[in-house]
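Student: Build me a model:
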Amino acid sequence: MLDGIVYLNQPDFKKVSENFDLAISDLNIPGFKGKFTLDLYFDNDEKPKYLDVVVIKNGNLQNQKTIKAQVSSFPVDVEITGPQLIELFGPIVVGDNFDIGANYTTNDGKTYLAFPPGGGPGYGPGVSAQPGATPTTRYSCICGFDLDNFLGNGTFVVVEDKWADYQPGQEVQIKKLNATQVSMESPDPGFKDYIIDINPKDNSAKMASQTTATDGLFWYGADVGSVTLSTAGSPALSFVNPCNNELQLNIQFLLSKYGNQGAFLIKLKRK
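Tutor: All right, here's what the predicted structure looks like:
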């Protein structure tokens, strides 16, 4: 301890995606099988005596359950299943969130909670802001995604566009390219359609960097050069919601002559 400050080599969680689920599909809740790797953020710093891996449901700090006790060797892989969560917390429905963290016991026997009863970050303020830091992880129950069911006739209506390239109420065609990829009609005939990849494991949506026009005169009425766009910011901002047939994207525009213009949301709903 130094001046009342306790050093903790914070836990670091990483979900395993290959052959495992990133979320709980409502189409097969008992079939959910997740896996994550628990490590320490700093490889060469002091390690805890052990960590207890715990989970809470829907932010209920007073109902914490232990998944794996007294982990003292890192990294370690931990699996979690639908039946296990049901046994711990009861029935699961769409919208339920399961947050996983690690209670930290120091070498002198003091314990610091991942989810303190009073709320707030378990390992001190700002820990999540460190590059690549994930001191907790979450599995959510989501609507199962089937692209054909989601698209229907392919006509979507703009609910909101912070860029104001599309207008509220405007109809936009979205077409299937393959089981997890679609094209969205661009707001200008001089631009290429937008290509969107959807991950059915967690319903996240992503637009890889794509040049939609080599001459920005079409759209902006001035010479802005080429126009490149992609999704940006938190991955949680770009997703599909099959329950409500909604698509949301956080789109960033890069103009070759004027640089990055920022990222703003567009929301669409199937007609």
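Student: Could I get the contacting residues of I92?
Tutor: I24, I29, G82, L85, I86, C141 (Cβ atoms under 8 Å, 6 or more residues apart in numbering). Quick note: C-beta positions are derived from backbone N, CA and C, even for glycine.
Student: Low-confidence regions, the stretch 51-200 of the chain specifically.
Tutor: Residues of the stretch 51-200 of the chain meeting the criterion pLDDT under 70: 120-129.
Student: Can you identify each of the helices in it by residue range?
Tutor: Assigned by DSSP state H, counting those that start in this stretch, the helices in the stretch 51-200 of the chain fall at 82-89, 147-151.
Student: ok, and what's touching the shortest one?
Tutor: With contact meaning Cβ under 8 Å, 6+ apart, helix 147-151 is reached by I174, K175, K176, A179, T180, V182, I198, V240, P242, N245, R270.
Student: Which of the residues in that helix are classified as buried?
Tutor: Of all the residues in helix 147-151, those buried under the rule 16 or more other Cβ atoms under 10 Å are L147, F150, L151.
Student: sorry, back to before: now the contacts of helix 147-151 in TSV, with distance to Y7 and neighbour count?
Tutor: Formatted as TSV, the contacts of helix 147-151 follow (distance: Cβ to Cβ, whole Å; neighbours: other Cβ atoms under 10 Å):
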residue	distance to Y7	neighbour count
I174	51	21
K175	54	12
K176	52	14
A179	48	11
T180	44	14
V182	48	22
I198	42	22
V240	42	25
P242	45	22
N245	49	17
R270	51	17
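Student: how about the residues you listed in TSV, adding distance to T231?
Tutor: As requested, those are exported to TSV (distance: Cβ to Cβ, whole Å):
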residue	distance to T231
I174	15
K175	19
K176	19
A179	20
T180	15
V182	14
I198	11
V240	12
P242	18
N245	19
R270	20
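Student: tell me which of those is nearest to V157?
Tutor: Distance to V157 across the contacts of helix 147-151 (Cβ to Cβ) is lowest for R270, with 7.7 Å.
Student: for the nearest residue to that closest one once chain neighbours are set aside, what are its contacts?
Tutor: Computed as Cβ to Cβ, 6 or more residues apart in numbering, the closest residue to R270 that is not its neighbour in sequence is N245, at 3.7 Å. Contact analysis of N245 by Cβ under 8 Å, 6+ apart lists F150, G152, K269, R270.
Student: Let me know the distance separating the nearest residue to A236 once chain neighbours are set aside from Q252.
Tutor: In space, A236 comes closest to S204 once its chain neighbours are excluded; the distance is 8.0 Å by Cβ to Cβ, 6+ apart. Computed as Cβ to Cβ, to the nearest Å, the S204 to Q252 distance reads 16 Å.
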